[in-house]
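> with the sequence up front, the predicted model follows.
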Amino acid sequence: MKPLKLLGVVMLVVLVGIQFIPSRTNQDKETPPSDFILAKGVPENIGHILRTSCYNCHSNNTSYPWYSRVQPVGWFLQNHINKGKAELNFSEFGAYSVRKQKSKLSSMVSQVEKDEMPLTSYTFIHHEARLKPENKKALINYLNALQDSLQ
Amino acid sequence: MKTTMIMLFLALLSWGASAQHDHSSMGNSGNSHSSMTPKMKEEPRVIPSITVKHSLLVTSILDNYLALKDALVDGNGKKAASSGKLLFDALGKFDISSQATTKQKELKDIIDDAKENAEHISENADKIAHQREHFELLGGDLKDLIVIAGADRTLYQLFCPMYNNSKGGKWLSASDKVRNPFYGDEKMKCGRVLVEIKVK
C-alpha cells in the first residue's frame, strides 16, 4: 500500500473509532431552584429570550443540533459549553453570592449592549438566537432593573 | 474687637486654604480642564471620610491594584494584564481565616468576585475596554474588603459620573488627584473624590 493510501485508511479508522467513545451531554432533565428564570421570577418574554439566545451555552440544559453527535464536532461543542458555563451558568445563578450576581448582571448588560453576546460564530448557525433590537432593549432594561433591585 | 479678629483670622485661613488648592490644581499636568474655566471654582467641598483599621494583610493586594489602575490610566492593556495577574495571585493569598468569623462569609464573596475580575483583566490584554469594566467591579470589591480587613495607607475612592452610559464608575487611588483609569487621556480629569479612607 502506498503511504498516502495507508494514511487515508488510518484516518478513516480513527474517525469511525472516535464515534464510539462515550461522551457526556449537557442535559439535566430538571430545572433546579437556583435557575435564573425560576429564582428571579423572570417574566415570560424575557425568559423566552434567555432560553433562545443564552441558555444553550450558559445553563445545564443544551438543546443539541443533530451534528453534535458527530465527533469531533461534539467535543468541540462540549468544550465551548463548558467554557460558557464556567463564565456564567444560569442554572446556578440563584446560588451565586449577591455580589457575584450583581457582577454577572453588569457583565451581561455590557456584553449584550456591545453585541459581544450571543457570539456571532453561534448566531451564524443559530439564526433564531440573534437578538432582535426590541428584544435586546427589553433584555438590557430587565437586567439593569434586576441589578438595581439587588442589595 | 475680639470677634473682628477671629473673623479676620478665619478669612485669612480660608484664603490660605483656597490658595493652596489653587496651587495643587496648577501642579496638575496638562490641565486643559481648569484653563477653560479659570474663574468657575467649585464650592470648597468637605470630603467625607471613613476610618479603617491598620492592616498589612492587604499590602500586596493594594500595591498590585494601584499598579493596575496606573496601567489603565496610561491606556496600557498589556501592563494592566500583568498587574491583574499579580493581583489575582495576591488575592489568592489573602487569609480569610485570620478575620472575624462573622465576616468570613462576606470576605469570601468579596475575594471570589475580586479574583474573577482580576482574572478577566489578566486574560484580556488586547481588550482594554473589557479590562476597564472588570476594573470598575474590582474597585467596589476592594473598597468593601478594606472596610472589613483594614488598609496600610490612606486611600481615596473616586467617582467618574460619565462612565458606563452615565451609570458612573468608582475606583480607588492613593492620591486625591483625579487621573481617570476608565478613559485615560481621553478624559483624564473626569471625576471627583467621593470619600477619603483613612487608616487608624
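Perfect, I can see it now.
> from residue B:51, how far out is the residue lying closest to residue B:95 once chain neighbours are set aside?
Excluding the flanking residues, the one nearest residue B:95 by CB to CB, 6 or more residues apart in numbering or on different chains is residue B:57, at 7.0 Å. To be clear about C-beta, it is placed using only N, CA and C from the backbone, and glycine gets the same treatment. Look at residue B:57 and residue B:51: by CB to CB, to the nearest Å, they are 17 Å apart.
> between those two, which one's more packed in?
Taking neighbours as other CB atoms under 10 Å in any protein chain shown, residue B:57 and residue B:51 compare with residue B:57 leading, 17 against 12.
> doesn't the more buried one lie inside a helix?
No - applying DSSP: H, G, I helix; E, B strand; the rest coil, one finds residue B:57 to be coil, outside a helix.
> so who does it touch?
By CB atoms under 8 Å, 6 or more residues apart in numbering or on different chains, residue B:57 lies in contact with B:94-95, B:98, B:149-150.
> residues of chain A that sit close to chain B?
Counting by CB under 8 Å from any CB of the partner chain, the positions of chain A adjacent to chain B are A:97-100, A:103, A:106-107, A:110, A:113.
> scan the residues you listed and report the most crowded one.
residue A:103 leads the residues of chain A next to chain B on contacts (other CB under 10 Å) with 25 neighbours.
> tell me the contacts of that residue?
Residue A:103 neighbours (CB under 8 Å, 6+ apart): B:113, B:116-117, B:137.
> taking the contacts of residue B:57 together, which two end up most distant?
Greatest spacing in the contacts of residue B:57, by CB to CB: B:95 and B:150 (13.2 Å).
> which one of those two is surrounded by more residues?
The neighbour count for residue B:95 versus residue B:150, taken as other CB under 10 Å, is higher for residue B:150 (17 against 9).
> please report how far the more buried one lies from chain A.
According to CB to the nearest CB, to the nearest Å, residue B:150 and chain A sit 19 Å apart.
> tally of neighbours for the closest residue to that residue other than its chain neighbours?
Nearest-residue entry for residue B:150: residue B:55, 3.1 Å, with adjacent residues in sequence omitted and distances by CB to CB, 6+ apart. Look at residue B:55: counted by other CB under 10 Å, it has 17 neighbours.
> residue ranges for the strands of chain B, please.
B:49-52, B:155-160, B:169-173, B:192-199 (DSSP state E).
> relative to the longest one, what are the paired strands and their orientations?
So the one you mean is strand B:192-199. Strand pairing for strand B:192-199, determined by DSSP bridges: strand B:49-52 (parallel), strand B:155-160 (antiparallel).
> so what touches the first one?
Strand B:49-52 has contacts (CB under 8 Å, 6+ apart) with B:146-147, B:150-151, B:195-200.
> what residue lies at the spatial centre of the chain?
Let's take chain A. Relative to the mean C-alpha position of chain A, the nearest C-alpha, by CA atoms, centre = their mean, is the one of residue A:57, at 1.0 Å.
> try chain B instead
Short answer for chain B (CA atoms, centre = their mean): residue B:172, at 1.7 Å.
> check the gap between residue B:115 and residue B:50 for me.
The gap separating residue B:115 from residue B:50 is 25 Å, by CB to CB.
> how about residue A:60?
Taking CB to CB, one finds residue A:60 at 42 Å from residue B:50.
> between these two, which one's more packed in?
Neighbour count, other CB under 10 Å: between residue A:60 and residue B:50, residue A:60 has more, with 19 against 12.
> what does chain B have sitting close to chain A?
Counting by CB under 8 Å from any CB, chain B comes close to chain A at B:109-110, B:112-113, B:116-117, B:133-134, B:137, B:141, B:164-165.
> now which of those residues would you call buried?
Buried members of the residues of chain B next to chain A, counted by 16 or more other CB atoms under 10 Å in any protein chain shown: B:109-110, B:112-113, B:116-117, B:133-134, B:137, B:141, B:164.
> next step: these restricted to helices.
B:109-110, B:112-113, B:116-117, B:133-134, B:137, B:141, B:164 (DSSP state H).
> what residue ranges in chain A score low on pLDDT?
Filtered on pLDDT under 70, chain A yields the residue ranges A:1.
> most proximal residue of it with respect to chain B?
residue A:97 (3.9 Å; CB to the nearest CB).
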